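> Provided below for reference: sequence and predicted model.
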Amino acid sequence: MIKRLWLKASVIMFVLSAMSSGASSWVIDKEDDLIPTTKDVEEGSGSEWLMDQKIHRSALRQYVRGIKKHWDRAEVSDATTWVVYSEDWAIKRVVDFKENEVRVTLPREEKNGRIDFVKTNAEVKAQLIKVLLTGLDGAYEDDPVSATVRREFKGDREYLASLNSDVVLSELFSAKRPSTRDAQRLATRMMQSALITYQQNFAALDSNSTDLPKGEKVLAKNSSLGVTVPVTLNKKLTYTVPLPKDRLRKKAKELKPTVARYAGQLKVPSELLFAIIHTESHFNPLARSSAPAYGLMQIVPATAGRDASRALFDKPKRFSASYLYNPTNNIELGAAYLNLLYYRYLGDISKPKSRMYCAIAAYNTGAANVAKAFIRRPQMNKAIPHINKMSDDEVLERLLEGLSARETQLYLRKVLSRKALYKNV
């Protein structure tokens, strides 16, 4: 008979202190000389986007096939997670920026029929040190999907040098390139926290039972630390290690000079840039979506990236992933795209706050889909007269109820709620 005991998980959470937001007026003069015409924006971007998407999806499919030869489920990097497999496919490391934790899954080491926690703990610590010392350039160059895309994207050589070697989790250290000793010390502290204070929800089953459901988890006792950890029947063990609770606050402070610079140059509120970064990637510099979109502000090279480059450099550029993984480049392009949305595409919306609401939604779904929330047609020039007759609250309500994608409705809510968190970073 299977014995079950449900354990309550301790939740690792971090919330920045909310600041009083007040009324945010985004009132600035138009700068039409920086903004491309609508005709220029439309030309060429569609075919390039389809090509980028085709190359990325093909590379991703190839990678997933390789993972499934060794793992039941193929977990890959996305907008909020950075996933790495060892060369022999035996170990998986996941940095989850949304949950603020690192998960290491590996074969459990056994000695005389028992789990050898000394050896297993040492291996997990070694994996954590690798995570902490990996630079942005190394993470990019070692990623199988990026390697395939890089071979197809000839312009990558031009931009690869722009990707710096700062470690991915640079906010955890006083130096952007910490020493091995710094990483060892932090890994030791993180391991103690993970094994002593953090457990996931799971069922405790009698490990002597012969009637265990396939894929169930059983508990193993770590006698050296006096705690239990989950062990799966496929001989793999997952350690969930919380990242420092103040990581998000430290990352925001690290990025503050860059955000402030481009917020000032491109005349967009810095707290809005921070809120979009938080919502798009949870400050994951290696964020990558299926679009594909890259980096902190999730820039799609052939659409938002191309449009923003026209505003910044007076000519269209199709940037590679290596360029967009650089946080400075990414924030600059994201701010430029917001500028483009606010001043060009939505510039005739008379009320600043209504225009801001529409710009946030358009950053996620495009101006055409925002127009459809008001007139059911993808024509912003015809939607604007309707918008201008509405109050700010009515515009927000219509967006939250009328946007066709539930994802964009939630996106707008999240960005607006998070703006207050970054008012006084």
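Done, it's in.
> For the helix ranked longest in the chain, name the packing helices and strands.
Determined from DSSP state H, the single longest helix within the chain is helix 45-68. Secondary-structure packing of helix 45-68 (3 or more Cβ pairs under 8 Å, 6 or more residues apart in numbering; DSSP states H and E): helix 144-152, helix 306-313. Backbone N, C-alpha and C define where each C-beta goes, glycine included.
> quick one, which of the ones you listed is nearest to Val415?
Smallest distance to Val415 across the helices and strands packed on helix 45-68 (Cβ to Cβ): 18.4 Å, for helix 306-313.
> ok, Leu237 touching Thr105?
Yes. Counting by Cβ atoms under 8 Å, Thr105 is a contact partner of Leu237 at 7.1 Å.
> on that earlier part again, mean pLDDT lowest where, among the helices and strands packed on helix 45-68?
Confidence, taken as mean pLDDT, is least for helix 306-313 of the helices and strands packed on helix 45-68 (a mean of 80).
> Work out the gap between it and the centre of the chain.
23 Å (Cα atoms, centre = their mean, to the nearest Å).
> Also compute the angle for that helix relative to helix 45-68, please.
Per axes from the mean of the first three to the mean of the last three Cα atoms, to 10 degrees, the angle that helix 306-313 makes with helix 45-68 is 120 degrees.
> Restricting to C-alpha, output the helix or strand that comes right after helix 306-313 in CSV.
Later in the chain than helix 306-313, the nearest helix or strand by DSSP states H and E is helix 321-324. Presented in CSV, the C-alpha positions along helix 321-324 are these (Å, rounded to 0.1, in the frame of the first residue of the first chain):
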residue,chain,number,x,y,z
ALA,A,321,20.6,37.7,-31.7
SER,A,322,24.2,38.4,-30.5
TYR,A,323,23.6,42.2,-30.9
LEU,A,324,20.2,42.0,-29.1
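> follow-up on the earlier one: mean confidence (pLDDT) on the longest helix of the chain, please.
pLDDT averaged over helix 45-68 gives 85.
> which outside residues touch that helix?
Contact partners of helix 45-68, identified using Cβ atoms under 8 Å, 6 or more residues apart in numbering, comprise 74-76, 85, 89, 144-145, 148-149, 152-153, 290-292, 300-303, 306-307, 318.
> which among those end up buried?
With burial judged by 16 or more other Cβ atoms under 10 Å, the buried subset of the contacts of helix 45-68 is 74, 76, 85, 144-145, 148-149, 153, 291-292, 300-303, 306-307, 318.
> contacting residues for the residue most central in space within the chain?
Nearest residue to the geometric centre of the chain (Cα atoms, centre = their mean): Ser281, 2.5 Å. Remark: with contacts taken as Cβ under 8 Å, 6+ apart, Ser281 is in contact with Ala79, Thr80, Phe97, Ala287, Gly295, Leu296, Met297, Gln298.
> Which residues are in contact with the second one?
Applying Cβ under 8 Å, 6+ apart, one finds that Thr80 lies in contact with Asp96, Phe97, Lys98, Ser281, His282, Asn284, Ala287.
> Kindly recompute the last result at 6 Å.
Phe97, Lys98, His282, Asn284 (Cβ atoms under 6 Å, 6 or more residues apart in numbering).
> Pull up the gap between Ile276 and Thr328, please.
Distance, Ile276 to Thr328, by Cβ to Cβ, to the nearest Å: 16 Å.
> what does Lys423 give?
Distance from Lys423 to Thr328, by Cβ to Cβ: 23 Å.
> could you pull out the strands for the stretch 101-250 of the chain?
Assigned by DSSP state E, counting those that start in this stretch, the strands in the stretch 101-250 of the chain fall at 101-107, 110-111, 114-115, 217-222, 227-232, 236-242.
> how distant is the last one from the center of its chain?
Its chain's C-alpha centre and that of strand 236-242 lie 21 Å apart, by Cα atoms, centre = their mean.
> pLDDT weak spots in the protein?
Where the chain drops to pLDDT under 70, the residues are 1-46, 48-49, 153-162, 195-234.
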